[in-house]
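Q: This is the structure alone, sequence omitted:
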Ligand code: FES
Ligand SMILES: [Fe+2]
């Protein structure tokens, strides 16, 4: 049953409609059983549901989806976590590139912020550019340049612009789950990693995407364990009036 999943074999047919025996929903064969479904958008990696009145904002026709590498040349993995904080705390964490090597020494080293928004006032100068080395295995590191931008109020995109995996993106979406006014706010972090590479070996890696995805998710899970602690603490400090943010 489309309502809460009752087995419809236990229902009965009345006047041409199949009536669910849990709450009496009558299914007459029409597409939505008289319900008004929410508008959805499947962007190929994430599925979006538009909750018009709940959001309290003017709805867009479509979500703002950042440019991603082509699906046939990339591997995508999605990690989701929920924390006690507001979306601004997640965004603040993502737009603080300085914490990377200090707070995640198991993943990053040799980090320097080479450009901050407004540094050059040129076109496209609205992001942080960061040179950083990813630790991949033991002492092996991969140096890259990554640029962080915020294409929407609750989305931060990190794009690798130089080095191994150039063109890969990590997009982080912070979605409020409960309103701030109702006790402690809850925010879902939905992070899509879309990895690509020019290397020949990557085509091979792509064919083992089912093996690669759990590794990508595990890496995101580890980072977000720490980053949610950062975001949650930021919210608590603000709640207690100890932090102006
Ligand atoms: S589960 Fe069928 S009506 Fe509720
Ligand atoms: Fe982080």
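A: Looks like it arrived, so ask away. Bear in mind the structure is a predicted one, so any value in this text is a computation, not a measurement. Residues are numbered from 1 along each chain as shown. Ligands and ions are numbered 1, 2, ... in the order given.
Q: buried sites along the longest helix along the chain?
A: Taking DSSP state H as the criterion, the chain has its longest helix at helix 209-239. Using 16 or more other CB atoms under 10 Å as the test for burial, helix 209-239 gives 213, 216-217, 219-220, 223-224, 227-228, 230-232, 234-235, 238. Just so you know, the C-beta spots here come from the backbone N, C-alpha and C atoms, and that holds for glycine as well.
Q: In terms of secondary structure, what does it contact?
A: strand 74-83, helix 87-94, helix 99-103, strand 186-196 (3 or more CB pairs under 8 Å, 6 or more residues apart in numbering; DSSP states H and E).
Q: In terms of distance to ligand 1, which of the buried residues of helix 209-239 ranks first?
A: Relative to ligand 1, the closest of the buried residues of helix 209-239 is residue 217; by CB to the nearest ligand atom it sits at 31.9 Å.
Q: correct me, but that closest one touches residue 76?
A: No. Between residue 217 and residue 76 there is no contact under CB atoms under 8 Å: 10.7 Å.
Q: tell me how far the strand ranked longest in the chain is from the chain's mean position?
A: Using DSSP state E to define each element, the chain has its longest strand at strand 140-152. How far strand 140-152 lies from its chain's middle: 15 Å, per CA atoms, centre = their mean, to the nearest Å.
Q: strands paired with the helix or strand just after that strand, and their directions?
A: The helix or strand immediately downstream of strand 140-152 is strand 155-163, counting by DSSP states H and E. Using DSSP bridges, the strands paired with strand 155-163 are strand 140-152 (antiparallel), strand 169-178 (antiparallel).
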